[in-house]
Each structure stands twice: as C-alpha cells, then as structure tokens.
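Q: please find the sequence and the predicted model below.
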Amino acid sequence: MIGEPSAPGSPGEAEPCALCGRAGPRLTVHHLIPRALHRRKWVRRRYGTEEPRHRVLPVCRPCHSHIHAVLSEQELARDYNTAEALLRHPEIQRFTAWIADKPADFRPRSRPKKR
C-alpha cells in the first residue's frame, strides 16, 4: 500500500548509509580510492587497475561531504580505503554518531575543508 513502510529486504526499502546507518536519505557513491588518483602509479601498484573502480561505499550526502572535508584524497587512498578504517577516524566517528539520530532530510551546515 502507498505510504506504508516496505518490509525489510524488499526492493522498495531504502538502503541505509554505510556510515551513519540512516535509512531514507538518497545515497551517493563514495569511491574509497578517489577517482582522481586511479591513474597514479603508486595506486595502480598497490591496488591494480580494476579494484579502485569497484571499491565504493553507499553513503548519505552529509557523511560524504564530511569525509571530504576531513580527509585529503591521498589520506583516503592510503589509510582510509575501507568502511571500517573510515569509522576508526575520530572525527568521522564523532560525526556519524551525531547525525545517526537526525531525520533523513536533515542537512547539517557545511564546513570549510581542512586541507
């Protein structure tokens, strides 16, 4: 029926954000190894040519923006290229814990990049 939540696992159910776990917001695709670095020699040596393209994580827009505000592309490729590694970062951990209980349409204020 229209307006009723979907049963868990059904095709109409919104996938939750891989970091904060909020269901409902439209998800973006975060490349765990940034696309700008895919052609770098050190990236190709470390991960090969195919793996960087397929290492992605479905995250909500606020989590995605926060990742890129806190970490540089080199840090992401080198040290934070898994969901577990991202969640070990103290600032990411603090942000995801804070936003997890916010409504799906909540958009935090943007902050300047720390690079």
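A: Nice, thanks for sending it over.

Q: need the pLDDT of residue 30.
A: pLDDT, residue 30: 89.

Q: I'd say residue 25 and residue 58 touch.
A: No - the criterion here is CB atoms under 8 Å, and residue 25 misses it with residue 58 at 10.6 Å. For the C-beta atoms, the positions are set from N, CA and C on the backbone; glycine is no exception.

Q: so for those two, which sits in the more crowded spot?
A: residue 25 (22 against 16; other CB atoms under 10 Å).

Q: residues touching that one, list them.
A: Contacts here follow CB atoms under 8 Å, 6 or more residues apart in numbering; on that basis residue 25 touches 14, 17, 60, 61, 62, 104, 105.

Q: quick one: secondary structure of the fifth one?
A: For residue 62, the assignment made with DSSP: H, G, I helix; E, B strand; the rest coil gives helix.

Q: and it, what does it touch?
A: Residue 62 neighbours (CB under 8 Å, 6+ apart): 20, 25, 99, 106, 107, 108.

Q: repeat that for the second one.
A: By CB under 8 Å, 6+ apart, the contact list for residue 17 reads 23, 25, 27, 58, 59, 60, 63.

Q: can you list phi and psi of it for me?
A: phi -60, psi 140 (degrees, to the nearest 10).

Q: could you find the closest non-adjacent residue to it?
A: Spatial nearest neighbour of residue 17, excluding adjacent residues (CB to CB, 6 or more residues apart in numbering): residue 60 at 4.1 Å.
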